[in-house]
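J.: Just need the structure, nothing else, for what follows:
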Amino acid sequence: MWNKNLARANWELGDTCTGMEDLSATWERELLERFSCLTAASDEEIHPLDITSESSDNRTGLLHLSDEVLLFILRNLDPMSLLRLGSTCSLLFRVCSCNSLWTQYFQDSFGVGLSYTHARCPVTAKTAFRLVFMWRSLFRNIYCNRTLQEKLFVDIPLAPHKYWIQWLVLEESVPLPSVRLPCCDVEKLWGVTRDLLLHKLQEKTEDCDTKFEWRELYQLALEHHGSLSMVFQHVLSKHQNNDHAELESMYHQYVQCRFQWLFTYWLFRQPAPYNKHLRSIFLHWKKHSKRKVATWGETLCDVWYLASLHPITKDYWRGRLARGDESVGIQTVGNYFTMCKSLVSWVLGRDWGRLKRRKVYEDTLDGVYLLLKREMQETLIEHERFWQVAKVQMTRVCTLEDTASNYVNWKMIETLPYYKLYLVSGNAVYLDHVQGFLRRKILIRDWIYLEENTWARQLLPDQLYTLLEFDTKISQASLHGDSVTAQLSRLMWLYLNSGQELYLEAVKGMILQCAQASLNHLSGLHTTSLRTACGLGLFH
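T.: Alright, predicted model coming up:
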């Protein structure tokens, strides 16, 4: 099916259209009004498609082409682009609403052809596409859409929900319990004649409800109408005079909430053994608030907080996986945590300490995300792909650990750009940069601990002296500002990452200058104290 990003833009802008002549003018007017913010131009501007002005030098433009040529060109557009183009002016709106265009989209998207010979299809192809697209989007996620489920439950009386039940015959597989209906209702809903229901009538009297499986109803409708295309056209004919406001409302709710719904269902509605294991993997070695995760799966649970614990689930929540396809995106999320399960088992099988196990796991996942981020935004990532990348990343993390020599150094270099660059590329040149960074850190530490600099160590303010310690990290936030600490942080960052000696000399000069300033300040205070004491006659 075609890109589901159509869900966000198209039907929200012009979805009041029906195929009937008495409503088409209203829809066109509302559509053009809603697009006014995108197409409005100032009095001095000329619309890109407006080639009728005198300044056009009689050049032929898009609006000068015949309808036949325009249709030939517009066949190359996707439905979203076609709707946008049709919103620019009334002429293009008319051409972009042509049945021949939308019939092809209907065929490509739903695998069903619509026939407009002898006006067999009761609604326009554009309206048919719109209605079926909204229904299919809702039905595809029925398992996590409680509102739609309530409208389709068999224990609810038929009359108020006839509109919704009628759509179900378009689906061969329906994840709902069997339904009990009188055979006369089956004929009214889907046009199935009594001769096809004889075996059911023999089982029950006509006045009694008969139990039907949904697949059975689908086959009966297909047998009666002769083809799936005719089944679609029958259902659309039943709906041609209906008010679709509720369908539109539920669809808009789905567009806004679909990622949250699917993620919540996936996270909390797994089978009991797997559900417990998923929670363990989701929180394993991840810093989290025990108070917030205590409500896991409950009504008041902060699901967004849980999604924010992993960058992949955060991206899914925001619709950034698989081009915004919620179904494909949630498969990527599932495959990611299957990989996490394998990774945890592998790490725990190593003869490592607790701190090393945790850091290898966390850094490996960070590397997997960095390497696959763009790929995940475009397509589905299978478990095998995740696991192959994870093994490579884990090897690189262990190499970085060997380069750092100890856990303190390892924690210190994790914020370096070279650290992430090596994770992504595996280029050994970045290991050299990491080693150079550590060497330069040691040089600064050794210099301040020279005997000749003892006086400076004793006079430096604590915040400056702490920066010179070997295991102190320089955060990105500390590099901004005009304070002495920020200035020294910038000089040290430049030296540590570039190795330029002039920056080292600047660091030394600034440290000595700050120490001298402290010394002068203390000397000034001492002199002032002596003068005060003399003035009070404390000294003779």
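J.: which non-adjacent residue is nearest Y430?
T.: Leaving out its chain neighbours, the residue that sits closest to Y430 by Cβ to Cβ, 6 or more residues apart in numbering is Y422, at 3.9 Å. In short, each C-beta sits where N, CA and C put it, glycine included.
J.: Who are the contact partners of the residue lying closest to W214 once chain neighbours are set aside?
T.: Nearest residue to W214, sequence neighbours excluded (Cβ to Cβ, 6+ apart): V174, at 3.7 Å. By Cβ atoms under 8 Å, 6 or more residues apart in numbering, the residues touching V174 are L168, W214, R215, Y218.
J.: Can you read off the pLDDT for F263?
T.: F263 carries a pLDDT score of 96 in this model.
J.: would you say it is within a helix?
T.: Yes. Assessed by DSSP: H, G, I helix; E, B strand; the rest coil, F263 belongs to a helix.
J.: hang on, isn't it packed against W317?
T.: Yes. At 6.1 Å, F263 and W317 qualify as touching, with contact defined as Cβ atoms under 8 Å.
J.: Show the end-to-end separation of stretch 220-239, please.
T.: 20 Å (Cα to Cα, to the nearest Å).
J.: If you drop the residues flanking it in sequence, what lies closest to F212?
T.: V179 (5.5 Å).
J.: Tell me, how many residues neighbour the one you found?
T.: Neighbours of V179 under the rule other Cβ atoms under 10 Å: 22.
J.: How confident was the prediction at it?
T.: With respect to pLDDT, V179 scores 82.
J.: Tell me if P177 really is in a strand.
T.: No. Counting by three-state DSSP, P177 is not part of a strand but coil.
J.: For it, give its distance to Y143.
T.: 13 Å (Cβ to Cβ, to the nearest Å).
J.: ok, now Y265?
T.: 7 Å.
J.: Check L197 too.
T.: From L197 to Y143 the distance is 30 Å (Cβ to Cβ).
J.: try R445
T.: For R445 relative to Y143 (Cβ to Cβ), the value is 60 Å.
J.: Could you do M339 as well?
T.: From M339 to Y143 the distance is 24 Å (Cβ to Cβ).
J.: do A245 as well
T.: 25 Å.
J.: my guess is K162 contacts L181, does it?
T.: No. Counting by Cβ under 8 Å, K162 does not reach L181; the two are 10.7 Å apart.
J.: shared neighbours of those two, anything?
T.: Contacts common to K162 and L181, judged by Cβ under 8 Å, 6+ apart, are L189.
J.: Who has more neighbours out of the two?
T.: Taking neighbours as other Cβ under 10 Å, K162 and L181 compare with L181 leading, 19 against 14.
J.: Surely that one and T210 touch.
T.: Yes. Contact criterion Cβ under 8 Å: L181 and T210 qualify, at 6.5 Å.
J.: Spell out the residue ranges of the strands in the stretch 151-300 of the chain.
T.: Counting by DSSP state E, counting those that start in this stretch, the stretch 151-300 of the chain has strands at residues 179-181, 210-212.
J.: Name the residues of the last one that are buried.
T.: Which is strand 210-212. Within strand 210-212, the residues that count as buried by 16 or more other Cβ atoms under 10 Å are T210, F212.
J.: swap in stretch 210-220?
T.: Buried-residue list, stretch 210-220, by 16+ other Cβ under 10 Å: T210, F212, W214, L217, Y218, L220.
J.: how far away is the first one from W296?
T.: As for T210, its distance to W296 is 44 Å (criterion: Cβ to Cβ).
J.: How about the last one?
T.: For L220, the distance to W296 under the criterion Cβ to Cβ works out to 45 Å.
J.: State the phi and psi torsions of the residue nearest to S178 when sequence neighbours are not counted.
T.: Counting by Cβ to Cβ, 6+ apart, S178 lies nearest to E213, which is 5.0 Å off, once chain neighbours are set aside. With angles defined as degrees, to the nearest 10, E213 sits at phi -80, psi 150.
J.: and G481, how many neighbours does it have?
T.: Using other Cβ under 10 Å, G481 is surrounded by 12 other residues.
J.: State the three-state secondary structure for it.
T.: Applying three-state DSSP: G481 is coil.
J.: and the helix or strand where Y305 lies, how far from the chain's centre?
T.: For Y305, the host element (DSSP states H and E) is helix 303-308. How far helix 303-308 lies from its chain's middle: 13 Å, per Cα atoms, centre = their mean, to the nearest Å.
J.: following it, which helix or strand shows up next?
T.: Past helix 303-308, the next helix or strand by DSSP H and E is helix 311-317.
J.: Could you identify the helix or strand that succeeds that next one?
T.: In N-to-C order, the element after helix 311-317 by DSSP H and E is helix 326-348.
J.: and that following helix, what's its mean pLDDT?
T.: 95.
J.: Who are the packing partners of that helix?
T.: Judged by 3 or more Cβ pairs under 8 Å, 6 or more residues apart in numbering; DSSP states H and E, helix 326-348 is in contact with helix 245-268, helix 272-283, helix 311-317, helix 354-378, helix 383-404.
J.: Tell me which other helices or strands the helix holding Y305 touches.
T.: Against helix 303-308 (3+ Cβ pairs under 8 Å, 6+ apart) you get helix 245-268, helix 290-293, helix 311-317.
J.: Need the contact partners of that helix.
T.: 260, 263-264, 267, 282, 289, 292-293, 296, 313-314, 316-317.
J.: Report the two of those residues separated the most.
T.: S289 and Y316 (20.9 Å; Cβ to Cβ).
J.: Mind checking which of the two has more residues around it?
T.: The residue with more neighbours, out of S289 and Y316, is Y316; 25 against 10, by other Cβ under 10 Å.
J.: N427 touches Y418, doesn't it?
T.: No. Counting by Cβ under 8 Å, N427 stays clear of Y418, with 9.7 Å between them.
J.: Which segments of this structure make up each domain?
T.: 6-97, 137-250, 270-404, 438-535 (automatic domain parsing).
J.: And the strands of the stretch 151-300 of the chain: which comes nearest L502?
T.: The minimum distance between L502 and those falls on strand 179-181, with 81.8 Å, by Cβ to Cβ.
J.: Which elements pack onto the host helix or strand of R136?
T.: In this assignment (DSSP H and E), R136 forms part of helix 125-140. Judged by 3+ Cβ pairs under 8 Å, 6+ apart, helix 125-140 is in contact with helix 6-14, helix 99-110, helix 228-239, helix 245-268.
J.: For it, list every residue counted as buried.
T.: Under 16+ other Cβ under 10 Å, the buried positions of helix 125-140 are 125-135, 137-140.
J.: What separation is there between the spatially closest residue to L309 that is not a sequence neighbour and E401?
T.: Spatial nearest neighbour of L309, excluding adjacent residues (Cβ to Cβ, 6+ apart): K286 at 5.2 Å. Distance of K286 to E401, given as Cβ to Cβ: 20 Å.
J.: Settle it for me: which of the two has more neighbours?
T.: E401 (19 against 14).
J.: Give me the distance between that one and V424.
T.: Look at E401 and V424: by Cβ to Cβ, they are 17 Å apart.
J.: Sketch out the low-pLDDT regions of the stretch 401-540 of the chain for me.
T.: 526, 529-540 (pLDDT under 70).
J.: just the stretch 1-150 of the chain next, same as before
T.: Across the stretch 1-150 of the chain, the ranges flagged by pLDDT under 70 are 1-60, 117-119.
J.: gap between E362 and F139?
T.: E362 is 40 Å from F139, by Cβ to Cβ.
J.: swap in R291?
T.: Applying Cβ to Cβ, the value for R291 to F139 is 38 Å.
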